[in-house]
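*Asks:* Return a 3D structure for these sequence lines:
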Amino acid sequence: MPERMDYNHRGRLWGVDLGSRGSDGHDILRNIEDPVRHVAFIKVPKAASTTMGNIFLRFGDEMNLKFALPYNGSGGYVLTPKYFYLPPRNITYDIACAHAKYNRTDYDKYLHSDTKYIAIIREPFSHFQSYIRYMRPKNLLNISGENPVFKFLFLNTIRRNKTNRVDIICNSMARYLGFPSEIFFKKRNQTLIDNYIRKLETEIDFVMIVEFFDESIVMMRRLLHWELRHVLYSKLNVNKNIDARLKFGSNEGKLHKICADLEYRLYELFLRKWMDVLRRQSSDFYDEVAYFRKIRMKYENFCLFVKSQTKLNVSLTIEGSSWNKPFTVTEGDCMKHHMDFDKYSQILFKKQQTI
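*Replies:* This next block holds a predicted model:
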């Protein structure tokens, strides 16, 4: 019988020997009685960040926790009073999940000392495509011709050879993960980059991988001791607009790999760590991932049905299993499930004034 995973371990996930420990369902159900309530999610745009943000908002709302809420939109540049409301009565935030560049000094100042830090990254070229299509940066869109993406990347290669700087658009994930600004605006300092990557490895408890999203969700659920119902999700803020001028083929991919060398280094590092963690999981983990996917589809289909109807009074009951207690999904749950981050934040801001 495999030794069970030590879910009460308060160290970094990367440092836990997950391979030889496995888990049985009884341990999981026992551990959800003591959920982690202090979480910082480093929200990287166009890396399933809106979907993840909704998960954290719903959990914190149910638990009556205090959020770091921005004055405007879905976040601010950094986690400081210039962009975020101070915690109620100037006490500490429980959860930070809005867009804000990671700076551990700022986060430590406003969050609890036992906060779990979670980040998310995505395959760099896929992320670049989504980022460009959604953010539509003017310095790329304003390039004339039929293929502004190729031209942007080609010109960037020439500029990089002259300046030896890290491009901020090609490496936007690195920017949100808090890499020092000087690497984007001054000559590349490889020692500074190397030191900061080591710093991220020691400070972030868990880095999710978009290409292994459901596996990441289940692993996060176990790390945080949350119930399965807390991490159910729908894909939010998916960009469906297609601009025919924006082409992302193999030629663009080759140039992008040069432009986004820092993104690729980060992704390949944490992907290797993630694959090592996955290889050391017991069959129970993969059984839970399959079960999670089945329940998530039931949940999403129910909520889509509710969303398409009016004046319903229906609910969905999910039976208990080795990984969850029985629970019921209501119309109110579905409403929050599909609520955009800005609207939900406004509701929570009003609620926090009374906590």
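
*Asks:* and after the longest helix anywhere in the chain, which helix or strand comes next?
*Replies:* The helix that spans the most residues within the chain, counting by DSSP state H, is helix 283-308. Using DSSP states H and E, the helix or strand that follows helix 283-308 in sequence is strand 315-318.

*Asks:* For this protein, give me the ranges with low pLDDT.
*Replies:* For the chain, the stretches with pLDDT under 70 are 1-30, 237-241, 355.

*Asks:* need the longest strand for it.
*Replies:* Ordering each strand of the chain by length in residues (DSSP state E) puts strand 116-121 first.

*Asks:* Mind giving me the packing neighbours of it?
*Replies:* Helices and strands touching strand 116-121, by 3 or more CB pairs under 8 Å, 6 or more residues apart in numbering; DSSP states H and E, are strand 39-42, strand 206-209, helix 213-224, helix 261-279. In short, each C-beta sits where N, CA and C put it, glycine included.

*Asks:* For Lys186, find the nearest of these.
*Replies:* Comparison of these against Lys186 by CB to CB identifies helix 261-279 as nearest, at 14.3 Å.

*Asks:* correct me, but Arg175 touches Asn103?
*Replies:* No: with contacts counted by CB atoms under 8 Å, Arg175 stays clear of Asn103, the gap being 11.7 Å.

*Asks:* Next, the buried residues of the strand or helix carrying Met335.
*Replies:* Assigned by DSSP H and E, Met335 belongs to helix 331-337. Buried residues in helix 331-337, counted by 16 or more other CB atoms under 10 Å: 331, 333-334, 336-337.

*Asks:* What of stretch 345-355?
*Replies:* 345, 348, 352.

*Asks:* Give the burial count for Thr191, as a bare number.
*Replies:* Neighbourhood size, Thr191 [other CB atoms under 10 Å]: 8.

*Asks:* give me phi/psi at it?
*Replies:* Taking degrees, to the nearest 10, you get phi -60, psi -40 for the backbone angles of Thr191.

*Asks:* and it, how far is that from Pro180?
*Replies:* Counting by CB to CB, to the nearest Å, the gap from Thr191 to Pro180 is 11 Å.

*Asks:* for the helix holding Met335, packing partners?
*Replies:* So helix 331-337, by 3+ CB pairs under 8 Å, 6+ apart, packs with helix 49-62, helix 283-308.

*Asks:* again, only this time at 6 Å
*Replies:* Where contact means 3 or more CB pairs under 6 Å, 6 or more residues apart in numbering; DSSP states H and E, helix 331-337 is packed against helix 283-308.

*Asks:* If you count contacts, what does the helix it packs on end up packed against?
*Replies:* Helix 283-308 sits against helix 213-224, helix 331-337, with contacts defined as 3+ CB pairs under 6 Å, 6+ apart.

*Asks:* Just say helix, strand or coil for Thr328.
*Replies:* strand (DSSP: H, G, I helix; E, B strand; the rest coil).
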